[in-house]
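Asker: For reference, the sequence and a predicted model appear below.
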Amino acid sequence: MLESVRKLTVPYVPGKILLSAATIASFACLLADDRIHPLVVWALQLYLSF
């Protein structure tokens, strides 16, 4: 049993990708709970439109 756990390989994921995914996930959770000010959402939409 322990041998099968030791053979488990975890793929390498760069830290920048993990940080980006965590940022997007936390922003989505806050947005779902209506904890983000509408001006922040408007500014993000404006930034992403260009």
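Answerer: Done, it's in.

Asker: helices and strands around the helix or strand encompassing residue 24, which ones?
Answerer: Element membership for residue 24 (DSSP states H and E) is helix 15-32. If you count contacts as 3 or more Cβ pairs under 8 Å, 6 or more residues apart in numbering; DSSP states H and E, helix 15-32 packs onto no helix or strand. Glycine gets a C-beta too; all of them are placed from N, C-alpha and C.

Asker: show me where pLDDT drops low in the chain?
Answerer: In the predicted model, the chain carries pLDDT under 70 at residues 1-2.

Asker: try 50
Answerer: For the chain, no stretch has pLDDT under 50.

Asker: coming back round to it: could you check how far the helix holding residue 24 is from the centre of its chain?
Answerer: For helix 15-32, the separation from the chain centroid amounts to 2 Å (computed by Cα atoms, centre = their mean, to the nearest Å).

Asker: and what of stretch 11-29?
Answerer: Relative to its parent chain, stretch 11-29 has a centroid offset of 4 Å by Cα atoms, centre = their mean.

Asker: coming back round to it: need the CA coordinates for the helix holding residue 24. PDB is fine.
Answerer: The C-alpha trace of helix 15-32 is given here as PDB (Å, rounded to 0.1, in the frame of the first residue of the first chain):
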ATOM      1  CA  GLY A  15       4.000  28.900  -9.700                       C
ATOM      2  CA  LYS A  16       2.800  31.700 -11.900                       C
ATOM      3  CA  ILE A  17       0.000  29.500 -13.300                       C
ATOM      4  CA  LEU A  18      -1.000  28.400  -9.800                       C
ATOM      5  CA  LEU A  19      -1.100  32.000  -8.600                       C
ATOM      6  CA  SER A  20      -3.100  33.100 -11.600                       C
ATOM      7  CA  ALA A  21      -5.600  30.300 -11.100                       C
ATOM      8  CA  ALA A  22      -6.000  31.100  -7.400                       C
ATOM      9  CA  THR A  23      -6.500  34.800  -8.100                       C
ATOM     10  CA  ILE A  24      -9.200  34.100 -10.700                       C
ATOM     11  CA  ALA A  25     -10.900  31.600  -8.400                       C
ATOM     12  CA  SER A  26     -10.900  33.900  -5.400                       C
ATOM     13  CA  PHE A  27     -12.200  36.800  -7.600                       C
ATOM     14  CA  ALA A  28     -15.000  34.500  -8.900                       C
ATOM     15  CA  CYS A  29     -16.000  33.500  -5.400                       C
ATOM     16  CA  LEU A  30     -16.100  37.100  -4.200                       C
ATOM     17  CA  LEU A  31     -18.100  38.100  -7.300                       C
ATOM     18  CA  ALA A  32     -20.600  35.300  -6.700                       C
END
